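In: task: produce atomic coordinates for the following.
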Amino acid sequence: MIYQHRLVISRGGRLSKRNEVFQGDSMKVIEAHGSVLVGAWEVWIGAEAGSGVYQIRQFDSLATWEQHQQRLRDDAEHDDRRLSQLYTLFDFCDTSILRLNPRSPALPQQWPSFDAVQGQPRGVFEQRTIWLRPDGADHHHATYFEKIQPALEREGSRVVAFFDTVIGPGTTNGRSHRSIELRYFPDMGAWQLWREAQDSDQALRQLTRQVWPSMIERMDSLLLRPLDYSRIR
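Out: All right, here's what the predicted structure looks like:
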């Protein structure tokens, strides 16, 4: 499987309308053309809070992703609707292609329908984009999965997925030095306790304040809230 990771930005108070139009028209049409929307989150805290939405779409391969793109281009009726409605409601869209790291928790290959997930409980997600030195990804990943991830599995939190970049920023000669960690929390209270533990637990503090930062170039963190049609919730 590969995953399309997309950021859509709608500033100036237009995000709610963009979400409404997308959910009412484009969402199911795009899925009918072979794109499985597995996650959709509004940025709660961090860059573009209140104006950014992240999406993750699942495809069997790069070939099926390209076939999906072609089907959308060939659907003139839907493209006209997007130009007249949806495209006027956002300012910017950025896309990259990801794959699950071999040691990542697995994601389902089959997902419930949109109707089945709407109205179901939603947690809080932290998305961390981890930029690595081109020659340091293997060392980072070994340490991350052996030490850091297990130490951070507390207060009800868990890593849902850990992706490496296939196409997009942070790729060099077929290698990825940009990873994306998607972590679930039951609620904001659990996230707060999890953060405080990294100050009070000395062993955990050593990992998160010294060991981990020594292996990365930078880390960008956002708190996300699933939209009601997100299957990952």
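In: residue ranges in this protein under the pLDDT threshold?
Out: 76-86 (pLDDT under 70).
In: where along the chain do the helices fall?
Out: Secondary structure of the chain by DSSP state H: the helices cover 15-21, 27-32, 62-74, 76-84, 114-117, 137-143, 149-152, 188-200, 202-206.
In: ok, which of those comes nearest Val43?
Out: Nearest to Val43, of all the helices of the chain, is helix 15-21, at 9.3 Å by CB to CB. To be clear about C-beta, it is placed using only N, CA and C from the backbone, and glycine gets the same treatment.
In: so which bits of the closest one are buried?
Out: By neighbour count with 16 or more other CB atoms under 10 Å, helix 15-21 contains the buried residues Leu15, Arg18, Asn19, Val21.
In: quick check: of those, which lies closest to Gln109?
Out: Asn19 (26.7 Å).
In: per-domain residue ranges of this protein.
Out: Domain assignment for the chain by automatic domain parsing gives 2-99, 124-225.
In: export the helices of the chain to TSV and append columns for distance to Met1.
Out: As requested, these are exported to TSV (distance: least, CB to CB, whole Å):
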stretch	distance to Met1
helix 15-21	26
helix 27-32	16
helix 62-74	10
helix 76-84	25
helix 114-117	19
helix 137-143	19
helix 149-152	21
helix 188-200	28
helix 202-206	32
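In: quick one, which of these gets closest to Trp212.
Out: Between Trp212 and these, the tightest spacing by CB to CB is seen for helix 137-143, at 7.7 Å.
In: contacts for the closest one next, please.
Out: Contacts to helix 137-143, defined as CB atoms under 8 Å, 6 or more residues apart in numbering, come from residues 101, 103, 130, 132, 164, 175-177, 179, 211-212, 215-216.
In: starting at the chain centroid, how far to that helix?
Out: What separates the centre of helix 137-143 from the centre of its chain is 21 Å, taken as CA atoms, centre = their mean, to the nearest Å.
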